[in-house]
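Chemist: build me a model from this:
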Amino acid sequence: MSVVEERYDVIVVGAGHAGCEAGLATARLGLETVVFTVSVDSIAFMPCNPHIGGSSKGHLVRELDALGGEMGKVIDQTFLQSKMLNKSKGPAVHSLRAQADKKAYADEMRKRLENQPHLLIRQAEVAELITEDVCDANSEYTAAHKKVTGIRTTSGAIYHAKAVILCTGTYLNSRCLTGDLIEHTGPNGFKAATKLTDSLKANGVRMLRFKTGTPARVDKRTLDFSQFEVQKGDVPVIPFSYSTAFSEVQRPQVDCWLVYTNEKTHEIIRENIERSPMYNGSIQGVGPRYCPSIEDKVMKFPDKNRHQIFIEPEGLYTNEMYLSGMSSSMPEDVQYKMYHSMKGFEHVHIVRNAYAIEYDCIDATQLRSNLEFMNIDGLFAGGQFNGSSGYEEAAVQGFMAGVNAAMRILHRDPVVLDRSEAYIGVLIDDLVTKESTEPYRMMTSRAEYRLLLRQDNADLRLRKIGHAIGLVSDAEYEKTLEKRRMIDVEEERLRKTFIGNSDEVNHFMEAHGSTALSSGVSLAELIKRPELDYESLKPLDPKRPELPYGVREEVGIEIKYEGYIRRQEQQVEGFRRMENKRIPKDIRYEEVGNLRIEARQKLERIRPENIGMASRISGVNPADISVLLIYLETYHAPKKDANT
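Modeler: Numbering: from 1, shown residues only. Got it, this is the predicted structure:
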């Protein structure tokens with residue numbers, strides 16, 4: 001029987017946030033790309049909270065944009081409310097967060113995919129990887145080795161490709177649970193993908209079973225908003241994308257609201273806890289530690305008599321409201337009791353029940369740092385398929401997988417960001433070196449050099465790399481170079497501009513709670529005072545030039561935190577020395593004497609690319625690293641001739 005058979009450069013499996021970024025990246029680099037999805041209506045869909053950014057996640061979106069990704073541009077066009085989080089803290093943890101119009105965001109991203117040259121969308125379920133064994137006598141690593149050559153769909157159609165990128169999200173063998181009700185579907189009732197897991201296992205891929213969940217959506221008209229605390233957006237709004245004009249995002253915003261659970265809510269949960277799939281054994285998958293269900297919060301924190309619930313709009317097109325912080329898998333009747341127990345929810349109507357979702361994903365330690373499978377050449381992976389959580393984590397992985405698939409096909413060097421360059425580097429390094437026992441979530445605390453990796457300077461850090469890849473235009477890169485020049489000029493001016501100890505100046509100091517001056521001092525030195533900053537000193541600086549917001553922000557941060565920044569840069573130098581100590585791909589760890597058995601097993605399985613990566617593997621201690629360093633010194637030493 002004849003079947004459809006086509007050829008492409010790249011196949012992307014999945015069209016969530018990872019798949020969208022992967023497909024756009026490869027297509028924009030000139031490669032013929034086809035993106036498969038179980039439903040074209042699920043492209044860029046937000047099955048959980050329709051927001052982009054948040055603590056550390058805002059950093060990821062900014063970095064993605066600096067490299068040439070799309071998420072930041074789309075949210076700038078479709079947000080309902082925007083906030084900079086953690087403004088009361090230092091700039092290292094400032095993070096943008098925007099509530100999205102769920103439908104508008106998905107529609108805008110889909111439109112960009114549909115109109116991207118070299119990219120096609122295909123609605124079909126991918127059932128099988130097509131691979132062949134690699135017989136390479138010169139292989140640097142002699143493990144069982146394959147290469148991917150394409151995929152087969154459930155219809156039997158065959159699609160050949162030079163690279164395949166798996167971005168299946170939460171669709172593999174997924175099932176949704178609401179109490180005793182179990183539905184074998186993907187998120188929001190979309191079709192599950194039930195065939196591909198078997199093919200992955202047949203190709204030696206280690207699979208995991210994870211779980212996540214989402215709260216109910218309720219009808220706005222049945223809420224009493226007089227009982228809630230209103231949550232306003234920021235004015236002015238800061239755009240996510242460096243390509244978005246500041247003026248474009250200054251528009252009216254939609255309110256969100258805050259409410260709290262109470263002891264009655266908690267009592268209902270405790271009385272019905274055995275009906276929760278999380279607690280009665282129905283769920284085998286492991287859930288995210290940092291996004292627990294309301295059942296988990298009540299049971300694990302019994303001393304807390306209330307929990308925050310944010311009421312957030314799903315979009316301008318609907319009355320559905322999202323209840324952030326109240327994820328649940330409780331039965332439908334219990335959900336109603338829970339919600340009715342809260343202030344302002346006495347007469348609420350549920351539009352969509354809360355549910356938990358289980359799905360198959362991979363052990364990401366099977367991947368190299370470029371997100372390619374170690375033992376399947378040409379097969380890349382990104383997003384929740386890699387055991388992470390979140391739209392932002394998914395998007396940046398999809399982008400990097402797409403870029404590196406393109407680099408492989410174009411015979412260019414892989415693009416790997418290290419931990420000192422980007423949150424993206426921290427995320428991917430953690431995934432490929434640390435064994436995940438739960439969905440991985442990015443947090444600012446995971447980044448050792450977070451003062452250098454701020455969300456405000458992502459363009460200054462990464463635009464050069466995006467330009468070198470070919471996804472940032474000459475014009476955009478020139479804008480970044482000009483921004484750097486303006487920052488340097490202004491910082492130099494501030495260091496050379498001195499003010500005296502006049503009465504006017506000291507009255508200003510007193511008004512701002514700062515010590516009076518006894519002699520002249522530079523404006524740069526004043527900025528370093530905790531109670532002063534670049535913006536507040538404007539009255540003392542009449543010759544200050546008019547500068548864009550991004551330049552002013554950067555000047556203030558770089559001067560105020562100059563000493564701390566310099567110290568972290570010195571730490572990075574030590575980190576880089578470890579990262580530059582490469583480990584040969586053909587190393588046999590059983591030949592490394594004095595390595596502990598656990599360390600040898602972990603190193604053999606994860607096969608780190610350098611000493612830095614090896615040092616971050618759980619189960620490998622400093623003594624093991626010392627042994628490995630000594631071995632590597634002798635490994636490269638010239639061997640003596642037996643006859644001499």
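Chemist: which phi and psi values does E438 adopt?
Modeler: phi -160, psi 160 (degrees, to the nearest 10).
Chemist: now the closest residue to it other than its chain neighbours, which residues is it bridged with?
Modeler: In this structure, E438 finds its nearest non-sequential neighbour in V286, 4.8 Å apart by C-beta to C-beta, 6 or more residues apart in numbering. (Glycine included, C-beta is placed from N, CA and C.) V286 forms beta bridges with F210, as assigned by DSSP bridges.
Chemist: wait, V286 sits on T437?
Modeler: Yes. Under the criterion of C-beta atoms under 8 Å, V286 makes contact with T437 at 6.2 Å.
Chemist: hang on, I527 packs against D533?
Modeler: Yes. Taking C-beta under 8 Å as the definition, I527 is a contact partner of D533 at 6.2 Å.
Chemist: settle it for me: which of those two has more neighbours?
Modeler: Relative neighbour count places I527 above the other of I527 and D533, with 23 against 16, counting by other C-beta atoms under 10 Å.
Chemist: mind listing what that one touches?
Modeler: When contacts are counted by C-beta atoms under 8 Å, 6 or more residues apart in numbering, I527 touches L494, D533, Y534, L537, G556, I559, K560.
Chemist: what comes into contact with the lowest-mean-pLDDT helix or strand in the chain?
Modeler: The helix or strand of the chain with the lowest confidence, counting by mean pLDDT, DSSP states H and E, is helix 277-280 at a mean of 84. Residues from elsewhere that reach helix 277-280 (C-beta under 8 Å, 6+ apart): 177, 179, 182, 273-274, 283, 287, 293, 295-296, 299, 329, 356.
Chemist: state the number of residues packed around R582.
Modeler: The burial count for R582: 11, using other C-beta under 10 Å.
Chemist: bridging residues for it?
Modeler: N610.
Chemist: re the thing from before, which of V286 and T437 has more neighbours?
Modeler: Ranked by neighbour count (other C-beta under 10 Å), V286 and T437 place V286 first, with 17 against 11.
Chemist: now do the shared contacts for I527 and D533.
Modeler: Contacts common to I527 and D533, judged by C-beta under 8 Å, 6+ apart, are G556, K560.
Chemist: can you tell me the closest non-neighbouring residue to the most centrally placed residue in the chain?
Modeler: The centre of the chain sits closest to E393, judged by C-alpha atoms, centre = their mean, with a distance of 2.0 Å. The shortest distance from E393 to any non-neighbouring residue, by C-beta to C-beta, 6+ apart, is to M442 (5.5 Å).
Chemist: double-check that that neighbour belongs to a strand.
Modeler: No. Looking at M442 with DSSP: H, G, I helix; E, B strand; the rest coil, it is coil, so not inside a strand.
Chemist: got the domain boundaries for this structure?
Modeler: Using automatic domain parsing, the domain parsing of the chain gives 5-208+361-469, 474-570, 581-635.
Chemist: how far does the first one sit from the chain's center?
Modeler: This points to domain 5-208+361-469. Between the centre of domain 5-208+361-469 and the centre of its host chain there is 9 Å, according to C-alpha atoms, centre = their mean, to the nearest Å.
Chemist: the shortest one too?
Modeler: Between the mean C-alpha point of domain 581-635 and the mean C-alpha point of its chain there is a distance of 29 Å (C-alpha atoms, centre = their mean).
Chemist: quick one: mean pLDDT over it.
Modeler: Taken as a whole, domain 581-635 has an average pLDDT of 91.
Chemist: also stretch 192-201?
Modeler: Mean predicted lDDT for stretch 192-201 stands at 97.
Chemist: any idea which of the domains of the chain is most buried?
Modeler: domain 5-208+361-469 (a mean of 22; mean count of other C-beta atoms under 10 Å).
Chemist: start and end of that one, how far apart?
Modeler: 31 Å (C-alpha to C-alpha, to the nearest Å).
Chemist: same check, this time on stretch 384-400
Modeler: 14 Å.
Chemist: what's the answer for stretch 35-44, then?
Modeler: Start-to-end span of stretch 35-44 (C-alpha to C-alpha) is 12 Å.
Chemist: just stretch 401-418 next, same as before
Modeler: 15 Å.
Chemist: pull the residues that contact it.
Modeler: With C-beta under 8 Å, 6+ apart as the criterion, stretch 401-418 contacts 9-10, 12, 18, 21-26, 29, 31, 67, 162-163, 165, 167, 368-372, 378, 380-382, 400, 424-425, 428-429, 462, 465, 469, 471, 575-576, 579, 612.
Chemist: surely G69 is within a strand?
Modeler: No. With three-state DSSP as the criterion, G69 is coil rather than part of a strand.
Chemist: quick check: it touching A395?
Modeler: Yes. G69 lies in contact with A395 (C-beta under 8 Å); the separation is 6.6 Å.
Chemist: find residues that contact each of these two.
Modeler: Residues touching both G69 and A395 by C-beta under 8 Å, 6+ apart: E21.
Chemist: before we move on, the earlier item: and the contacts of I527 as CSV, adding pLDDT, distance to T634 and secondary structure?
Modeler: Shown next, in CSV, are these (pLDDT from 0 to 100; distance: C-beta to C-beta, whole Å; DSSP: H, G, I helix; E, B strand; the rest coil):
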residue, pLDDT, distance to T634, secondary structure
L494, 98, 53, helix
D533, 96, 55, coil
Y534, 97, 54, coil
L537, 97, 59, coil
G556, 97, 51, helix
I559, 98, 48, helix
K560, 97, 48, helix
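Chemist: tell me which stretches of the stretch 301-450 of the chain form strands.
Modeler: Listed in chain order, the strands found in the stretch 301-450 of the chain under DSSP state E, counting those that start in this stretch are 308-313, 320-324, 350-352, 355-362, 376-377, 379-381.
Chemist: any idea which of the ones you listed is most buried?
Modeler: Comparing the strands of the stretch 301-450 of the chain by mean neighbour count (mean count of other C-beta under 10 Å), strand 379-381 ranks first with a mean of 28.
Chemist: contacts for it next, please.
Modeler: Residues outside strand 379-381 that contact it (C-beta under 8 Å, 6+ apart) are 22, 129, 131, 147-148, 163-167, 362, 364, 367, 370-373, 397, 401-402, 404-405.
Chemist: out of those residues, which sit inside helices?
Modeler: A22, Q397, A401, G402, N404, A405 (DSSP state H).
Chemist: from M109, how far out is the first one?
Modeler: Counting by C-beta to C-beta, to the nearest Å, the separation of A22 from M109 is 13 Å.
Chemist: got the domains of the chain as TSV, with distance to T214 columns?
Modeler: Listed next are these as TSV, based on distance: least, C-beta to C-beta, whole Å:
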stretch	distance to T214
domain 5-208+361-469	5
domain 474-570	35
domain 581-635	30
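Chemist: between the ones you listed, which gets the lowest average pLDDT?
Modeler: domain 581-635 (a mean of 91).
Chemist: which residues does M84 contact?
Modeler: Here M84 is in contact with H94, S95, L96, R97, D234, I238 (C-beta under 8 Å, 6+ apart).
Chemist: so it: helix, strand or coil?
Modeler: Applying three-state DSSP: M84 is strand.
Chemist: would you mind measuring from it to P239?
Modeler: 11 Å.
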